[in-house]
Each structure stands twice: as C-alpha cells, then as structure tokens.
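[1] kindly return the folded structure for what I paste below:
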Amino acid sequence: MTEGAIDLRNKLQKRNIGGYWIDDNNTNLKNYSHNFLNKNFVFNSIFFLIFLVALSLRLYSLGDRAVHHDESLHGYFAYQMYIGSGYEHNPLMHGIFLFQLVSVSFFIFGDSEFSLRLPMAMTGSLLIFLPILMRDRLGYIGSIFASLMLAISPSILYFSRFARNDIFMLFIFLLLVISMWKYFSSKESKWLYVFSIFMAIGFITKETQYIFVAIISLFLIFMEKENIKDWLFGNIPISNFNKYGKFLLFIIILSAPMLAASVSLFQKIFNITLANKDPNSITPIGLPQSDGQLVAVIISLLLAVFSLAVSFKFNRKIFFLPYLIFMIIVFLFFTNFLSNLTGISTGIWQSLGYWIAQQDVARGSQPWYYYITLGSIYEFLPMGISILGLLFFLMKSRYISFLPFVTIIISFVILADTQASYTDGKINATGIFFQLLLYFSLLVLPFTIKSSNFYKFLFFWAISSFLFYTYAGEKMPWLITNITLPFIILSSKILNDFFTKVRFSYSYIKYYLVIFFAALLVINIIWRFITHDLGTQAEQFLNIWLIFLSLGFLFFILQWVSTIITKKQTFFYFLILLLFLVSIFTIRTSWILNYNNYDIPTEMMIYTQTSPHLHKVSKTIDNIAFKSLEDESIRISVDTTDAFAWPWHWYLRKYENVSFDDHSQNINIDDVSILILNYKNDLKSYDRNNFIEKQKFPHRWWFPEKYKNIQFIDVILTLFDKTRWGNSIDYFIYRKLEHDLGSIDSYLYIRDEYNYDYR
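    Coordinates of the predicted model:
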C-alpha cells in the first residue's frame, strides 16, 4: 500500500461504538457487550423501569379524589404557612415536617389537590430505589422483588396518593434500617450521620417514630443481652459491647431527650400532672400542669445533658457530632426555623405526652384483629410469603423454637376464650398474664430460628410491628403501612433465597409448562370446590368423586414430571405459579382500591372518606362565584355541626367572606349567598323563601363496621361451614357488602338571585 492511501479494509474492520473500537472479527464486541450488559447495568435498568411504573401509578389522577378530612387539615395549615400566616406545631396533626414540605410544594406548583399530595407521591416513588442499597443483604432478586412490592402494594400505593405523614415514615424507617446494617457491615461513620439525620426527621414527622425506636432498641437488646447482663453486674465496661450494644447506646443518646415525656406514664404515682388528659382543661392535652411544668423542664434538660455527656465521653469522634446534628434539626424544625420558640416544648414533650394521654381514648375503636383482617384483604402477598417462610424456619430449627411456638398457640386459645380471659367485657388477671406471655413468646420466636442475624431482625421487625400497632389504642387503616413495610422486606429476602434454589434448563421447558398447566387446573378445581354448590345427595357424591379423580390424575402427572426434574424442583415451579397468580390478584386489588373505588368506602382501607359529591359541589360554588362577578367576596356560611367545617376550610380557603357557624343555634343568614348545612339543621320553611334548594348530598361516608363484634368461635365456624363462605368471598373478590355504607348528609342552598345556569 502506498503512503497516504486509505486502508479501507482496516476501516471496515474497526468501528467506534459507544466509546469502544469494535472489530469485525467480534473480538472486542464481547468486551463491549460485557460492559454494556453487565449485571449492575441490567439491575439498575430494572429498578429504573419499576420507578417509572411506580411514579406513573402515583401521579395518575392524583388530584381527582375528594380531599379527606385529615388531608384538609394538613392542606389548610400548610396553605396558611405558604401565604405567610405561619404554623405552630400541634401533635394532634403530628409532626411539622409535612406542613413545611407541602407549603414548599404550594410555593413551586401553586395550591391544589395535586400539589397537596405531590410530596407524598414523590416520596412513595423514591421509596422504590431504597432496596438498591440493600442488595448486599436482600440479594439482587430480593431487591427487585422488594421494589416491585413497594410499587404495587395496595396500602402503600393508596397512602402514597394521600396527604398524610405515613409514606414519609416508611421512607425514613427503611433508610434507618439500611443505615444501621450498613454501619454493622462497614463501620463507616457516614452511616451514623445518615442515621442521626433521619432519626431527627422521623421525630419531626410523626410519633410512630417512637414505636420504631422501641422496635430496633428491643432487637439490639436481645442481640446484646449477655453483655448487657455482665455490664449490669459490673463484670465488663460498656466499651466491651459488640456492634449491637454500641449501636443501642447510639440510639439511646439520640432519642433520650425525645423520650422525656415517657415519665408521664407514672404521674399517678407521683400525684403530679406531666401529661394532661382532660380535654376540658385550659392546658393542652399532653402538656404538664402547674408543678409538673418545672419537673418536665428539669427532666428534659437532664436527658439532653445526659446525651451530650455520654456522646462526648464514650466516643466523641463518632457519636458527638451526629448528636449535635440531630438536636439542631429537631430544634430548627419544631420552632419552624425560630418563628415559634414554644414549638420546642410541644415537639420534645407534647409529641409523646399527647399520644400517651390518647392511648385510653382508642380512636377508631377497632378490635384487636383489625390489622389481621385488613392485611388479609390487601396485603396477603407479603404476609402470606412471610408466614410460609417463618414456618419453614421453624421446621428447620426444630426443638429450639418448639417451646415459644407451643406457648403462642396455648396463649392464643386461652385469650380467644372470652369466658376465661374476660370479666364483664374487660380483660381479667388470667387474660393479662396470657396476653403478656403471648407477646413475649412472639418477640422471642425470631431469635430461636436457625438463620442469619439479618433474617432474625426482619422476622422481629415484622412481628413486633404487628404487636405494637395492635396494642396501640388508635387503630387506623393508614397505620397498616407500618406493618406492611417489614413484611415486604422480609418476604423479598425469602423470595431471593427461594429463587436461588430454583434450577432452570431450556431442555426442561416442556416439563415446566406441564407443571404450570397442571397446577392451574389443580387450583381451579379447588377453587370451584370452595365456591360452587356441589348439589345434593347423589349429585354431590358424583361431583366430589370427579373432583378427587381429577386431582388424583393431575397429581400423577406432577409425580411423573418430578421423576425427571426432581420433586423439589417440581414443587418449586408449582410455588412459582402460585406466586404469579397471587401477584396478579394483588395488582388487581391495588388497581381497584386506587383507581376504581378510591373515594367510595366499599373498601375497608378507605374507612371514612369525603364523598365525591362534595368535591363536585365545591366546583359548583366556584362557578357561581365566578358568574356572579363577586368571585372570592361572595358570602358563604358553613355549618360546623359534626365537624362539617372540614374539608370546607380547604375548599373555601381563598374566599374572603366565609363564616363557619353552628347552625344548631339561631344564625342570621340574611346576607348569606351560599349556605351549606348539616342535614340535622335543615332550614325552616319560612327561611327557604329566599333560597333555592339545589341538592342534598353526602358530606362523608364510611365503611359499615359490622366486623367489630365477631367472636373467635364465629371465625372457627366460618372456616368449617361452607354456607358461610359466600359473603366473605363476594367481598374479597367483588367488594360486595351485606350492609349499606354509613353516611352523613348536607344541604346546599343558593340564594334565588343566583338562579341561573352556573354549570
């Protein structure tokens, strides 16, 4: 080749693709493919796709649902902060962080139902990414399953589209768990800083943070029990604690000042009011009275100084600065960045004091089995997998877990016997003893299984979350998200370990298909046996005989397949099909809850909801105000009977002449243009002369709570009496209710001069 000539052959041989020189002989193509399609790239791409799906699910029609009573409280006071009127922390509405975040959303996007729920939707979407940080513990497959279940979980998706604090807390809880286990693995102090920051954010967001702190503290105590015992007897110093004990000390340092109000549990003994319980008192609920105020200040200061001293003395390089960061965040946010200095007392003392005082009130008045019922309707996928996983580990552990397991069964049976454990409707001494025994046995059970410490933590987190929220006086549907989260992480770990044992071969695909179709037929036959009438006498005998004949034939086929791919793999592929079907049903359940029945309380998850009619009435009022040319100055009166002021405070937030009046009293309505009344306070006939009654509509409606008085014997009889299955199956599949929805109605009155087409 002459000098300067172009080597066309070489040009054809080499091309630059994505920064790599690719030869025609494919030598470098393998390297390029390996770099482009390596495991991490595929893994991260899957996560990104799951995130896009989760984000779409959370943003779709986000502003369409009528604003719930609680959402209207959060939205209205966040709006007040947004327009510069400020906000003072009140534990009735939980932490201040939600109001600050929503007010920022209003500032960026304007105030609307969409921007009200946007911070929750974004947090629920970002939650999908957190399992990436757990892949060293959950495994690649487990991390993907965790993100998938977080994306489609009916309860988590619903409350990712709801203006409440709970989705923030899930994000915080999971990040705290990640930080703790990352620190155990790496000993890198950066994870202590992450932990302290999100511990502080948890306390300024919602009081369920106290429950979470109790859960992880109990776990660490169980893991460090031998060293703690030796330390208590003076045999070893704290410096001899292992990683679990030292992290427990770190948690105590951070949370001690926030636990000051816990002494109010003993206020009767000291005959001093440290957390007021009387709603008629001038002192807000949860705050100390008279001499109790000085005691509260002293206790709070002592605990703050204690934490400061211990963090400085024990390990100042690691614990001291995170503690200072924690306290700075708590102080700045509770005081609303120094605009409300009394917020430090309501934040540090009343946050816990209020809910201690409310424990006996038991808002919601739900039975102890409330979360079992709710979980079986919505979160059957993670809970079912977790229960199966626990049974597997119990069988694997054998005699070690036998005693607590038997104790749990005996305690449960005795507690279910209302005659033995209850007297005059109240739990007696026998009931209290077996209740404590049941709780203790359940908490101990995870530490008896033969597994890794991480597995023990996940089982403990799931079981203790269920116990704590069941014991808590207030039981509400949004709190089940705090139970669902650990069950999702636990079930993801179980699925990861399960799928690592599944073997796949292209040469066996035809056998896998045989297993799937046989399994489908088995499930279909069993389902028909459960749900269909088998007839009477001879017809029933024939049907049952045919069912068992069919099942026998199908099991024979599965047995034949197992001789080729082993019994274990046959069973595994049968379980995979079952997992697939249950996952499809979970997606269906989630879709119906979030996009079909999202504001109709045929769903138990919805509990009580503002009716969609009210949402439409608010649009009617806007149209009337606009066409009357009075706009925001139009005169509106809203009845406050039965808390009817909410959510109207939110919907009418921009109107200048709105009054909220108790119309059970005589209220002058001569200058009122639009009147919204509780059905109890309907206008007298002579008052209607100047108004046109436009419509009667439900203000709010709720799920019929006929499940509250179910006895344990009723559950047993239902399980063994097929005639009782119909209603349960109809609700589970079709959401058919035996009873009508509960509701309370409103009347909308419009002055007759606005009698024109306002649509």
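
[2] below-threshold pLDDT in the chain: ranges please.
    When residues are selected by pLDDT under 70, those of the chain lie in 1-37, 361-364, 425, 530-541, 685-687, 693-694, 712-713, 715-717, 719-723, 755-759.

[3] show me the strands in it, by range?
    Secondary structure of the chain by DSSP state E: the strands cover 14-17, 20-23, 422-423, 426-427, 608-610, 635-639, 657-661, 674-678, 691-702, 742-751.

[4] could you export these as CSV, including mean neighbour count and distance to A121?
    Backbone N, C-alpha and C define where each C-beta goes, glycine included. Output for these, formatted as CSV (neighbours: other CB atoms under 10 Å; distance: least, CB to CB, whole Å):
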stretch, mean neighbour count, distance to A121
strand 14-17, 11, 39
strand 20-23, 14, 40
strand 422-423, 14, 44
strand 426-427, 11, 42
strand 608-610, 22, 18
strand 635-639, 21, 29
strand 657-661, 16, 29
strand 674-678, 24, 30
strand 691-702, 18, 23
strand 742-751, 19, 28
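
[5] how many other residues sit next to S673?
    Using other CB atoms under 10 Å, S673 has 22 neighbouring residues.

[6] domains in the chain, as residue ranges please.
    As given by automatic domain parsing, the domain ranges for the chain are 165-361, 365-500, 503-580, 611-703+741-754.

[7] for G63, what are phi and psi?
    G63 adopts backbone torsions of phi -100, psi 10, taken as degrees, to the nearest 10.

[8] one more: K187?
    Main-chain torsions, K187, degrees, to the nearest 10: phi 60, psi 20.

[9] any buried residues in stretch 209-229, and which?
    Within stretch 209-229, the residues that count as buried by 16 or more other CB atoms under 10 Å are 209-213, 215-216, 219-220, 222-224, 227-228.

[10] of the residues you listed, closest to I408?
    F222 (16.9 Å; CB to CB).

[11] determine how far the last residue of stretch 501-520 lies from the first.
    22 Å (CA to CA, to the nearest Å).

[12] can you list the buried residues in it?
    Quick answer for stretch 501-520 (16+ other CB under 10 Å): Y508, Y511, Y512, V514, I515, A518, A519.

[13] could those residues be laid out in a markdown table, adding distance to F145?
    Below are these laid out as a markdown table (distance: CB to CB, whole Å):
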| residue | distance to F145 |
| --- | --- |
| Y508 | 24 |
| Y511 | 25 |
| Y512 | 20 |
| V514 | 26 |
| I515 | 21 |
| A518 | 25 |
| A519 | 20 |
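
[14] nearest to L62 among these?
    Closest to L62, out of all of the buried residues of stretch 501-520 and judged by CB to CB, is A519, at 38.8 Å.

[15] go ahead and confirm that closest one touches L575.
    No. With contact defined as CB atoms under 8 Å, A519 does not reach L575; the gap is 9.0 Å.

[16] mind listing what the residue positioned nearest the centre of the chain touches?
    For the chain, the residue nearest the mean C-alpha position is T481 (1.5 Å; CA atoms, centre = their mean). Counting by CB atoms under 8 Å, 6 or more residues apart in numbering, T481 makes contact with S155, I156, F159, D166, I167, M169, L170.

[17] packing partners of the longest helix along the chain?
    In the chain, taking DSSP state H as the definition, the longest helix is helix 537-565. Here helix 537-565 touches helix 509-531, helix 567-591, going by 3 or more CB pairs under 8 Å, 6 or more residues apart in numbering; DSSP states H and E.

[18] check which residues of that helix are buried.
    Neighbour-count burial for helix 537-565, counted by 16+ other CB under 10 Å, picks out N543, L554, L558, V561, S562, I565.

[19] swap in stretch 155-170?
    Neighbour-count burial for stretch 155-170 [16+ other CB under 10 Å]: 155-170.

[20] how about stretch 569-580?
    Neighbour-count burial for stretch 569-580, counted by 16+ other CB under 10 Å, picks out Q569, T570, F572, Y573, F574, I576, L577, L579.

[21] in the stretch 601-750 of the chain, which spans are helices?
    Ranges of helices in the stretch 601-750 of the chain, per DSSP state H, counting those that start in this stretch, are 612-627, 645-651, 712-720, 725-734.

[22] revised request: answer the last question for the stretch 351-500 of the chain.
    Ranges of helices in the stretch 351-500 of the chain, per DSSP H, counting those that start in this stretch, are 351-358, 370-378, 380-397, 402-416, 418-421, 429-444, 453-471, 480-499.

[23] picking that back up, do you know which of the helices of the stretch 601-750 of the chain lies nearest F434?
    Closest approach to F434 among those (CB to CB): helix 712-720, 13.6 Å.

[24] and for the closest residue to F703 other than its chain neighbours, the neighbour number?
    In this structure, F703 finds its nearest non-sequential neighbour in P601, 4.4 Å apart by CB to CB, 6 or more residues apart in numbering. By other CB under 10 Å, the residues close to P601 number 21.

[25] how many neighbours does A462 have?
    27.

[26] over to the one 4 residues further on?
    Using other CB under 10 Å as the criterion, F466 is surrounded by 20 other residues.

[27] tell me who's in contact with the spatially closest residue to it that is not a sequence neighbour.
    Nearest residue to F466 in three dimensions, chain neighbours excluded: I483, at 5.3 Å (CB to CB, 6+ apart). Residues in contact with I483 (CB under 8 Å, 6+ apart) are Y371, G375, E379, A462, S465, F466, Y469.

[28] what is the most widely separated pair among these?
    That would be E379 and Y469, which, of these, are the farthest apart (CB to CB) at 13.0 Å.

[29] identify the contacts common to the two.
    I480, I483.

[30] of these two, which one has the most company?
    Shown here are E379 and Y469; by other CB under 10 Å, E379 has more neighbours (27 against 19).

[31] who's in contact with stretch 287-307?
    252-254, 256-257, 259-261, 263-264, 267, 272-276, 281, 283, 323, 327, 345-346, 348-350, 353.

[32] PyMOL command for the buried members of these?
    Selection of the buried residues among the contacts of stretch 287-307 in PyMOL, burial being defined by 16+ other CB under 10 Å:
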select buried, resi 252+253+254+256+257+259+260+261+263+264+267+272+273+274+275+276+323+327+345+346+348+349+350+353
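
[33] endpoint to endpoint, stretch 646-664 covers what distance?
    Separation of the first and last residues of stretch 646-664 by CA to CA is 17 Å.

[34] buried residues in it, which are they?
    Buried, per 16+ other CB under 10 Å, within stretch 646-664: W646, P647, W648, H649, W650, Y651, L652, Y655, V658, F660, D661, H663.

[35] give me the number of residues near the residue lying closest to L338 once chain neighbours are set aside?
    Spatial nearest neighbour of L338, excluding adjacent residues (CB to CB, 6+ apart): L332 at 7.2 Å. By the measure other CB under 10 Å, the count of residues near L332 is 15.

[36] if we can go back for a sec, pick the one among the contacts of I483 closest to M395.
    For the contacts of I483, the nearest to M395 is A462 (18.4 Å; CB to CB).

[37] contacts only, for that closest one.
    A462 touches S386, I483, P486, F487, L490, counting by CB under 8 Å, 6+ apart.

[38] if you set the cut-off to 7 Å instead, what comes out?
    The contact partners of A462, by CB atoms under 7 Å, 6 or more residues apart in numbering, come to S386, P486, F487, L490.

[39] which residue ranges form the helices in the stretch 51-200 of the chain?
    69-82, 97-109, 113-126, 135-152, 154-160, 166-186, 190-203.

[40] is it correct that D230 is in contact with I236?
    Yes. Here D230 reaches I236: they are 4.7 Å apart, a contact under CB atoms under 7 Å.

[41] thank you kindly, that will do.
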